[in-house]
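*Asks:* need a 3D model of the sequence below.
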Amino acid sequence: MGRFFSSILLVLFCLFVANPSFAEPNNSIQRNESIPQDCLNKHISAKLIKSFDIVRAYPTRALNMMKSGIVEAELTVDELGNVIEVIIIRAEPKGYFEEATIKEAMRVKYIPASENCKNVISKEPLKVKYMIW
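*Replies:* Residues are numbered from 1 along each chain as shown. Presented below is the predicted three-dimensional model:
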């Protein structure tokens with residue numbers, strides 16, 4: 001067993017001490033950090049992958065009162081596709097659906113928007129119609 005570890009130590013010594021360039025990164029490789037030509041001035045909008053669940057979101061109070069309504073909001077989507085902010089633009093009737101819309105909108109997921117092949121923060125519209133059938 002001791003001979004095995006001695007052999008491994010000898011190999012490691014030869015690789016790293018006798019040949020220190022083995023352990024160092026290869027700086028001779030040139031990396032092109034510029035934006036590829038097919039990405040220049042290219043904007044791709046965010047794409048919805050997990051939508052708003054109206055059944056889960058419908059407020060119990062509004063349901064018990066047989067209230068229908070509409071909410072328009074603006075979602076801020078981060079570089080990972082997560083909703084990080086919800087701004088209510090309009091709600092009719094007021095006071096019934098805003099909180100539920102914000103809570104459920106935070107669960108919505110997107111493929112993030114990109115610009116020049118890099119994910120970016122975007123603003124996405126949301127219009128929710130709460131209706132009782």
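
*Asks:* and stretch 112-119, end to end?
*Replies:* Between the opening and closing residues of stretch 112-119 we find a distance of 6 Å, counting by CA to CA, to the nearest Å.

*Asks:* residues contacting that stretch, please?
*Replies:* Applying CB atoms under 8 Å, 6 or more residues apart in numbering, the set of residues contacting stretch 112-119 from outside is 35-36, 39-46, 77-81, 120-122. For every residue, glycine as well, the C-beta is placed using N, CA and C.

*Asks:* stretch 98-108 too?
*Replies:* Applying CB under 8 Å, 6+ apart, the external contacts of stretch 98-108 come out as 48, 50-54, 56-59, 62, 71, 73, 75, 83, 86, 88, 91, 126, 128.

*Asks:* what are the ranges of the strands in this structure?
*Replies:* Using DSSP state E, the strands of the chain run over 43-44, 47-50, 69-77, 83-92, 109-111, 113-115, 118-120, 122-130.

*Asks:* among those, which is the most enclosed?
*Replies:* When you average the neighbours per residue for each of the strands of the chain (mean count of other CB atoms under 10 Å), strand 69-77 leads with a mean of 19.
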